[in-house]
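Novice: build me a model from this:
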Amino acid sequence: MSSDTTFRRPITPTERLYFAARELAPPFLMQVAVHGQGTLDPAELQRAVDVAAAAIPGSRLVRDGADWVDTGVSPTVRVVEGHTLTYPELENDPVLNSPIGPTPDRTCEVLLLTADPVTIVFRGFHGVMDGMGMRMWVEDVFRALRGAEPLGAPDPVADAQLVARLGAPGKPALLLPTYSSAAGHGKQDRAASRWLLRHRTIEATGKGVLARVAAVLADAAQAKSRFMIPVDLRRHDYTLRSTANLALPLFLDVAPGDDWKSVNDQLRAGLRENRELNQMDNGGLTAFPSAVVRGVMRAGNWIGARLGRNLVSATITHVGVFDLTEMTVPGYTPTSIRVLPQHSGMMPLLFGIVESAGRLEITVSCRNGAGVEHRLDALLDHIVSTLERELAASSTAR
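Specialist: Next up, the predicted model:
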């Protein structure tokens, strides 16, 4: 391969942290599950993945020293006969927990689960893609399935390069392990799953979803909470077409009783001031050797599990609205799409939210521990009932 013609980009500080996270919480993949009715021919799906990959080299990357480099080899479509996702205890699904394939150095793959409902699972190592990058890849595969041209994402740009161009307007937020989780904490059992992965469907949509979820979580925690909201940096350059990690956090501090509108005002103010740009390599952890980084992450997990003290109370991300009718292909009709967040050794809760067909699909990764599973299920039920009530009321008021 010639470096003059091959897609290549530096591995950024953010992405280097994800290598350590993968060792602590394997397989550390962002996964997008598309459930549907009908059937899909595996060869046709592989053809579509090949077409999309030619336009999105970020789906074909492997590590080459300090760089990501395009292998020219498309992600593999792996067929899992007679399987569909094992709701509600997704943390025990053997397929979701399996390593990416077909070789350990690969970073993306696609699963075709043939049991009812037939499901396509897009899997990407968080070191090469963020949530919106995954969305771009998913949408281009479905374009190829329909016989349309992919939009593509040829730009070798990630967060570090874009922030270096844009500049940072201020100082990074001070991160201290002082925040509790709305799901509580408890000693982890080595014989049990260290993380839970649970899903809920909210039969409503509307404005301020991120702010509403944050307000509910702060109330449930009965303590001042800090929420990490990943912000898509592509908003600073709408011509940029890259699937790389282009998200940096905006931190929201929310007290019990704060209504969602005040939380939303705080979010909008942070976006106006571009405060997410300040968070590039916050804390400088990437300057340390990998062993030190892993040790810090293990310590952070222990402090959170045993003492209930976390850098943030939760991460909440919303990857937008999908039009399922536009994703329909001959013989296969998508009925829902869900973002399954990766597990993390540092965060107690990671919410992935997506909207489609007039519903909100919410999936959460949660650090497990004594008593946490029961509290998490109750918390999710509370989020569902609260948002359905509030969103129905706001719809009626319009």
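
Novice: measure Asp281 to Asp265 for me?
Specialist: Asp281 sits 28 Å away from Asp265, going by C-beta to C-beta, to the nearest Å. Every residue, glycine included, has its C-beta placed from N, CA and C.

Novice: out of those two, which sits in the more crowded spot?
Specialist: Between Asp281 and Asp265, counted using other C-beta atoms under 10 Å, the more crowded position is Asp281 (18 against 13).

Novice: that one belongs to a strand?
Specialist: No: using DSSP: H, G, I helix; E, B strand; the rest coil, the assignment for Asp281 is coil, not a strand.

Novice: residue contacts, it?
Specialist: Pro13, Thr14, Ala160 (C-beta atoms under 8 Å, 6 or more residues apart in numbering).

Novice: scan those and report the most crowded one.
Specialist: With neighbours taken as other C-beta under 10 Å, the top of the contacts of Asp281 is Thr14, carrying 23 neighbours.

Novice: how about the spatially most central residue of the chain, phi and psi?
Specialist: By C-alpha atoms, centre = their mean, the chain has its centre lying nearest to Pro341, at 4.3 Å. Dihedral angles of Pro341 (phi, psi; degrees, to the nearest 10) stand at phi -70, psi 150.

Novice: and for Asp70?
Specialist: Backbone torsions for Asp70, taken as degrees, to the nearest 10, come to phi -80, psi 120.

Novice: pretty sure it is touching Arg9, no?
Specialist: No: Asp70 lies out of contact with Arg9 (C-beta atoms under 8 Å); the separation is 9.4 Å.

Novice: separation between the residue nearest to the centre of the chain and Arg198?
Specialist: If you go by C-beta to C-beta, the gap between Pro341 and Arg198 works out to 11 Å.

Novice: and for the two, which residues touch both?
Specialist: Shared contacts of Pro341 and Arg198, counting by C-beta under 8 Å, 6+ apart, come down to Thr363, Val364.

Novice: what helix or strand is Pro334 located in?
Specialist: strand 332-340 (DSSP states H and E).

Novice: any buried residues in that strand, and which?
Specialist: Tyr332, Pro334, Ser336, Ile337, Arg338, Val339, Leu340 (16 or more other C-beta atoms under 10 Å).

Novice: how near is the closest residue to the first one other than its chain neighbours to Asp50?
Specialist: Distances taken as C-beta to C-beta, 6 or more residues apart in numbering put Gly38 closest to Tyr332, at 4.1 Å, once the chain neighbours are dropped. In this structure, Gly38 lies at 21 Å from Asp50, with C-beta to C-beta as the measure.

Novice: roughly how far apart are the residue nearest to Gln37 when sequence neighbours are not counted and Phe28?
Specialist: In this structure, Gln37 finds its nearest non-sequential neighbour in Thr333, 4.9 Å apart by C-beta to C-beta, 6+ apart. From Thr333 across to Phe28, the span is 32 Å (C-beta to C-beta).

Novice: please apply the same query to Leu175.
Specialist: Plainly put, Leu175 is 21 Å away from Phe28 if you go by C-beta to C-beta.

Novice: what about the two, which has more around it?
Specialist: More neighbours surround Phe28 than the other of Leu175 and Phe28, with 20 against 17 (other C-beta under 10 Å).

Novice: can you list the weak-confidence ranges in this structure?
Specialist: Scanning the chain for pLDDT under 70 picks out 1-4, 282-283, 395-398.

Novice: can you give me the helices for it?
Specialist: 13-24, 42-55, 131-145, 159-166, 209-221, 260-272, 290-307, 372-397 (DSSP state H).

Novice: which parts of the stretch 1-150 of the chain are strands?
Specialist: Applying DSSP state E, counting those that start in this stretch to the stretch 1-150 of the chain gives strands spanning 8-10, 29-38, 61-64, 67-70, 76-80, 108-113, 118-125.

Novice: could those strands go into JSON lines alongside distance to Lys261?
Specialist: Output for the strands of the stretch 1-150 of the chain, formatted as JSON lines (distance: least, C-beta to C-beta, whole Å):
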{"stretch": "strand 8-10", "distance to Lys261": "40"}
{"stretch": "strand 29-38", "distance to Lys261": "30"}
{"stretch": "strand 61-64", "distance to Lys261": "41"}
{"stretch": "strand 67-70", "distance to Lys261": "41"}
{"stretch": "strand 76-80", "distance to Lys261": "45"}
{"stretch": "strand 108-113", "distance to Lys261": "39"}
{"stretch": "strand 118-125", "distance to Lys261": "35"}
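
Novice: relative to Lys207, which of the buried residues of strand 332-340 is nearest.
Specialist: Taking C-beta to C-beta as the measure, Lys207 sits nearest to Val339 out of the buried residues of strand 332-340, at 19.7 Å.
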